[in-house]
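predicted model, plus sequence, below.
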Amino acid sequence: MPRIIDTCVGIYKYCYLAGIRQLSLSVNVQSIHNMSVPRFWRHISSRYNLIGTRCNTCGEYYFPPRTMCPNCRRDGSIEEYQFKGYGEVVTYTIIHTASEEFDMHTPYPLAIIQLDEGPRMTGQVVCDNDAIAIGMRVKPIFRKLGEDGAAGIIYYGTKFIPA
């Protein structure tokens, strides 16, 4: 009996290995089978544009995007929503020992950000380690997150700076 990973090819195999179970609502799944990995990442709106979803029935906002509202259990009333990204630090930690890809950046602050629209997300705050504080207002910036040297892939995404 073949394992699932043995039957996957191309970008589908990459998604399986990366643990991606759901793509952004704006990604056309039929068009990604011949995509390169960098192009695939650029098509995930939530990664680069802070695209989430909003339920038209109950008014709740979600990030990352959902296809069904967990609050009212409706799936036909979900629409994409672009978050402004402004928010405040709920809690944070200073990372001193990181994985190999982020080791050159240590120590760095990693925080849970409560967006003004409601959802919470994890993000790196670009500031001095002594400057970060609970309740600090932050705004989003687009920065390099890391790279996979062997594959030549550079990952970009959202970080935060003091507002």
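Perfect, thanks for sending it. Worth saying up front: this structure is predicted, and the values here are computed from it rather than measured.

count of neighbours near Tyr61?
Other residues near Tyr61 come to 16 when the count uses other C-beta atoms under 10 Å. All C-beta atoms are positioned from the backbone trio N, CA, C, and that covers glycine.

correct me, but it touches Leu50?
No: between Tyr61 and Leu50 there is no contact under C-beta atoms under 8 Å: 11.1 Å.

anything in contact with each of these two?
Listed as contacting both Tyr61 and Leu50 by C-beta atoms under 8 Å, 6 or more residues apart in numbering are Phe83.

the longest strand along the chain: partners in the sheet, and parallel or antiparallel?
Counting by DSSP state E, the longest strand found in the chain is strand 137-148. Partners of strand 137-148 in the sheet, by DSSP bridges, are strand 87-95 (antiparallel), strand 153-162 (antiparallel).

closest one to Asn71 among the ones you listed?
Taking C-beta to C-beta, strand 87-95 is the member of those nearest to Asn71, at 20.0 Å.

next helix or strand past the closest one?
strand 108-115 (DSSP states H and E).

check contacts around the closest residue to Pro162 other than its chain neighbours.
The shortest distance from Pro162 to any non-neighbouring residue, by C-beta to C-beta, 6 or more residues apart in numbering, is to Cys127 (5.5 Å). With contact set as C-beta under 8 Å, 6+ apart, Cys127 has these partners: 109, 161-162.

brilliant, that's me finished.
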